[in-house]
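Participant: just coords:
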């Protein structure tokens, strides 16, 4: 369960906070801390240390790669000193770069783990297929100036739904041990003139959305039959699937928790 | 008059083209060519030379400063060799960076001058006054985390309308000779949660919109009375007015020509 809302906790009791974040991934080398590089995790932990004086590790729902954006990312952190959520959010926003925004900060239930407690992650990938692309969107969409067969791409997307072995859609050198994932939503649609894939799953392998998108664009260009997906989803090797689409078209779109944003103790 | 549409011209006749452009000003050091810097004019003239083999000067409706964006900018160019407008636009887009887009290219009437023929320039400036700003907008809005008295700003904006001496709203070191301009629209409104100023005039002085915005934000913060505008608009010195708002909140929004986009010879 993710939260009990905006109620300020009593002082001197360790409290778990939930942070709802947005970021422009173009401003960071991904989520995970890396020495010498500006990452979301690094910037946030530094900001927490500056604002609260405490050096704490964050839990996070989705460790996004370099260049991937987040419309909603959820992190959790345990702080020992007292802090009023709204004031803490304001202070963190004041010391973090404008490419990162803490949109909401709330007191979570004890032991809240942003990664373990999340039951569904939603990603969205944007393609611009128009010959003359908007210069205001180019940092957020993959420009593919080809006619795409959206019906064939939709057929491929339908096959992705369900439980499969996604080995073909993650780098061969991997930290993953199990390659089965359950895809819940997977669907192309036109949104404001852009072709967007919305895909959700219990969890994702590294590069999984981007290599699925790259493969489905090859289907859209007529270079693959949609039916090939069936074979690819049975544990085929990485080389059998398509290219990895660029990071800057991808957004971590939403994170679902069992209590669906209804703070459990808010009424208590 | 600005255009006669998409009709391909006969070969070997010098033809004036009208280019309707958009750009993300964050990607350029402004419109005007500068040695060693990437500017919109420089990039476009290079692209025209690569695509057509001709080295030509552009006329332009508004020479935007470094960091200022264009939702619509209009340029004109005379080319001697034949070119089909749609193919020329496609080729130019293929060799220009994604921060610049040629949205339309059409054959103009002979002698079309994008600057001289324009009768009204429209600019829009975006402020974000919310405590937690969107990380996806920060490159396009000025984040002013203060409560602003929008009614007072609206009163100031109303006084800006009409013909005035705008000396107080342009740098003291200037190439301008005359400082009177006629402001047609000048109005604040809420647009998608942002506070936006739409201002149009026959022509603008350098930094005029940004120093008007900076001054009106001081009015909104209660540091100036709206009535001060009357004095400032009578040729007061630069130091009497407010600070220059940052470039990245400003968009050249539209350019009006007498024929209002109705290609004169399209029906002929």
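Facilitator: That came through fine. None of these values were measured; they are calculated from a predicted model. Numbers count the residues shown, from 1 in each chain, chains lettered A, B, ... in the order given.
Participant: for the rest of this, base every contact and every neighbour count on C-alpha atoms.
Facilitator: Will do.
Participant: what pLDDT does the nearest residue to residue A:145 once chain neighbours are set aside get?
Facilitator: Excluding the flanking residues, the one nearest residue A:145 by C-alpha to C-alpha, 6 or more residues apart in numbering or on different chains is residue A:129, at 4.8 Å. pLDDT, residue A:129: 91.
Participant: how about the one 5 residues further on?
Facilitator: For residue A:134, the pLDDT comes out at 88.
Participant: any idea of the pLDDT on the nearest residue to it once chain neighbours are set aside?
Facilitator: Of all residues not flanking residue A:134 in the chain, residue B:101 sits nearest, at 6.5 Å (C-alpha to C-alpha, 6+ apart). Predicted confidence (pLDDT) for residue B:101: 95.
Participant: residue B:101 touches residue B:25, doesn't it?
Facilitator: No: in this structure, residue B:101 is not within contact of residue B:25 by C-alpha atoms under 8 Å, at 11.7 Å.
Participant: these two - which one has more neighbours?
Facilitator: residue B:25 (28 against 25; other C-alpha atoms under 10 Å in any protein chain shown).
Participant: pretty sure that one sits against residue B:70.
Facilitator: Yes: at 7.1 Å, residue B:25 and residue B:70 qualify as touching, with contact defined as C-alpha under 8 Å.
Participant: who in chain A is up against chain B?
Facilitator: Within reach of chain B by C-alpha under 8 Å from any C-alpha of the partner chain, chain A has these residues: A:22-24, A:90, A:93, A:98-103, A:131-136, A:138.
Participant: from residue B:12, how far out is residue A:12?
Facilitator: 83 Å (C-alpha to C-alpha, to the nearest Å).
Participant: same check, this time on residue A:93
Facilitator: For residue A:93 relative to residue B:12 (C-alpha to C-alpha), the value is 60 Å.
Participant: compare those two (neighbour count), which wins?
Facilitator: Between residue A:93 and residue B:12, counted using other C-alpha under 10 Å, the more crowded position is residue A:93 (20 against 11).
Participant: which SS class is that one?
Facilitator: Secondary structure assignment for residue A:93 (DSSP: H, G, I helix; E, B strand; the rest coil): helix.
Participant: check the secondary structure at the residue of the stretch 151-268 of chain A at minimum distance from chain B for me.
Facilitator: In the stretch 151-268 of chain A, no residue comes nearer to chain B than residue A:251, which is 11.5 Å away by C-alpha to the nearest C-alpha. With three-state DSSP as the basis, the three-state label of residue A:251 is strand.
Participant: element containing residue A:242?
Facilitator: Following DSSP states H and E, there is no helix or strand that holds residue A:242.
Participant: test my guess that it contacts residue A:220.
Facilitator: No: between residue A:242 and residue A:220 there is no contact under C-alpha under 8 Å: 11.9 Å.
Participant: count the residues that sit near the residue lying closest to residue A:60 once chain neighbours are set aside.
Facilitator: In space, residue A:60 comes closest to residue A:75 once its chain neighbours are excluded; the distance is 4.2 Å by C-alpha to C-alpha, 6+ apart. By other C-alpha under 10 Å, the residues close to residue A:75 number 21.
Participant: might one say that residue A:75 is in contact with residue A:20?
Facilitator: Yes: here residue A:75 reaches residue A:20: they are 6.7 Å apart, a contact under C-alpha under 8 Å.
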